[in-house]
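Visitor: show me the folded form of this:
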Amino acid sequence: MALDTGSVRHLHLNSDAEPDEGFAVVGQPSVDEGVDIGAALRAARTFRGLTTQDVADSTRIRQSYIDALEDLRLEDLPSRPFTIGYVRAYAQLLGLDGEAAVLRFKNDMPDDGGELRAPVGVRHERDPRLALVLIVGLLMVGAILLWNVAQRAMDKDAPSAQVAANTAAPHSASAPAGSAVSLGAPLPAPVESTTPEPYKTPGLDDAAANGGSADAANAASKARATALAAGEGEIDAAHVAALGSTFKPRGVIHGAAAADGSGVVLLARKAATLVVRGGDGSVYFARQLNAGEAFRAPRTAGLTADVSDPSNFDVYSGGVLTGRLTASTTALGKLAKPAA
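Guide: Next comes the predicted model:
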């Protein structure tokens with residue numbers, strides 16, 4: 001039997017009132033009405049003559065959630081704690097026991113222990129840059145793989161290098177026409193012909209060294225022949241050609257003055273040591289001479305010259321070149337002789 005509300009269009013019940021305060025209506029369906037809690041709530045709302053919009057306005061719950069509660073469409077409702085709160089508020093609005101309504105909801109829709117669903121209407125937005133980075137990475141990996149496959153394919157198809165045989169294959173004189181002919185190893189390059197040494201006129205070098213003088217060239221030739229006959233071996237042609245040349249100082253002259261000299265001068269061609277001793281063994285002169293320095297022997301009799309390398313000293317006597325020292329120890333008195 002429907003409740004007679006008279007001329008009242010909408011009945012607004014106090015949702016804060018407890019069901020035991022006398023607000024329960026006689027004959028109103030209980031929370032145990034119907035096949036489930038949703039059917040019980042719908043029966044109680046219909047009994048009171050309310051619409052789902054009236055319930056939504058009074059409880060501040062979306063009308064779509066009220067419809068989903070009555071049909072128990074949990075997929076259209078927010079998470080379970082929110083849904084339980086909606087059931088309690090809905091039941092209290094209709095004057096029913098809220099806790100009893102929640103207990104039946106839990107019995108009708110037991111919790112399977114799944115994760116809480118997000119509230120309906122919330123969008124999960126992802127950063128589009130992450131997808132872009134993932135796509136670029138996949139493209140790079142694919143490009144590298146394709147490049148490696150292409151490189152291996154090209155290396156496989158490339159012709160192998162041909163290596164010439166080290167030994168020449170034997171040539172068959174009776175090879176049939178049209179058959180392949182084996183070629184031997186290439187022949188070595190021909191040896192280049194040598195140019196004969198140009199002819200030198202005898203005595204031409206001696207004459208050139210003495211300014212073109214024929215007499216000096218003849219003297220140098222005779223001196224070379226004499227040295228070879230004496231068994232001295234090959235001698236310096238430039239030195240032989242310069243025999244008889246005038247002494248020209250090129251550095252410091254040690255020893256006696258020009259007026260007190262015996263006429264013998266030792267000129268150092270290269271750096272060498274010169275020690276001059278007297279007849280009693282006393283040292284008269286000792287020095288390391290540089291190239292171009294000279295020693296003028298005094299008129300003292302019995303002097304002996306000890307040198308480190310006799311080939312490094314030219315001997316001048318009477319102001320002209322007479323030769324070179326031939327021994328490490330030489331008596332200076334024997335060097336005073338006319339120029340050759």
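
Visitor: can you tell me how far the residue nearest to G319 when sequence neighbours are not counted is from D155?
Guide: Leaving aside its sequence neighbours, G319 sits nearest to F247 (CB to CB, 6 or more residues apart in numbering; 5.2 Å). (C-beta placed from N, C-alpha, C; glycine too.) Using CB to CB, to the nearest Å, F247 is found at 82 Å from D155.

Visitor: more crowded one of these two?
Guide: Between F247 and D155, counted using other CB atoms under 10 Å, F247 has the larger neighbour count: 17 against 8.

Visitor: my guess is the more buried one meets V265, correct?
Guide: Yes. Between F247 and V265 a contact is recorded at 5.9 Å, counting by CB atoms under 8 Å.

Visitor: overlap in contacts, these two.
Guide: With contacts taken as CB atoms under 8 Å, 6 or more residues apart in numbering, F247 and V265 have Y316 as neighbours in common.

Visitor: coming back round to it: quick one: contacts for the residue nearest to G319?
Guide: With contact taken as CB under 8 Å, 6+ apart, F247 is in contact with V265, L267, Y316, G319, V320, L321.

Visitor: could I get those as TSV with secondary structure, neighbour count and pLDDT?
Guide: What follows is the contacts of F247, written out as TSV (DSSP: H, G, I helix; E, B strand; the rest coil; neighbours: other CB atoms under 10 Å; pLDDT from 0 to 100):
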residue	secondary structure	neighbour count	pLDDT
V265	strand	25	90
L267	strand	23	90
Y316	strand	22	89
G319	coil	12	84
V320	strand	14	88
L321	strand	20	87
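
Visitor: list just the nearest of the residues you listed to L77.
Guide: L77 has its nearest neighbour among the contacts of F247 in L267, at 126.8 Å by CB to CB.

Visitor: what's near enough to touch L187?
Guide: By CB under 8 Å, 6+ apart, the contact set of L187 is empty.

Visitor: report pLDDT for it.
Guide: Listed pLDDT for L187 reads 75.

Visitor: just the helices in the stretch 201-340 of the chain please.
Guide: Counting by DSSP state H, counting those that start in this stretch, the stretch 201-340 of the chain has helices at residues 204-209, 214-229, 237-242.

Visitor: avg pLDDT for the last one?
Guide: pLDDT averaged over helix 237-242 equals 60, rounded to a whole number.

Visitor: how about stretch 249-257?
Guide: Across stretch 249-257, pLDDT averages out at 88.

Visitor: ok, residues contacting that stretch?
Guide: When contacts are defined by CB under 8 Å, 6+ apart, stretch 249-257 is touched by residues 261-262, 265, 267, 276, 285, 287, 289-299.

Visitor: test my guess that V275 contacts D306.
Guide: Yes. Using CB under 8 Å, V275 is in contact with D306, at 4.4 Å.

Visitor: sorry, back to before: how far away is the residue nearest to G319 from A272?
Guide: According to CB to CB, F247 stands 18 Å off from A272.

Visitor: quick one: which of the contacts of F247 is nearest to V136?
Guide: Relative to V136, the closest of these is L267; by CB to CB it sits at 89.1 Å.

Visitor: average pLDDT across the host helix or strand of A143?
Guide: Counting by DSSP states H and E, the element that carries A143 is helix 128-157. Averaged across helix 128-157, the pLDDT comes to 90.

Visitor: low-confidence ranges in this protein?
Guide: For the chain, residues meeting the criterion pLDDT under 70 lie at 1-26, 113-125, 158-184, 189-197, 199-241, 337-340.
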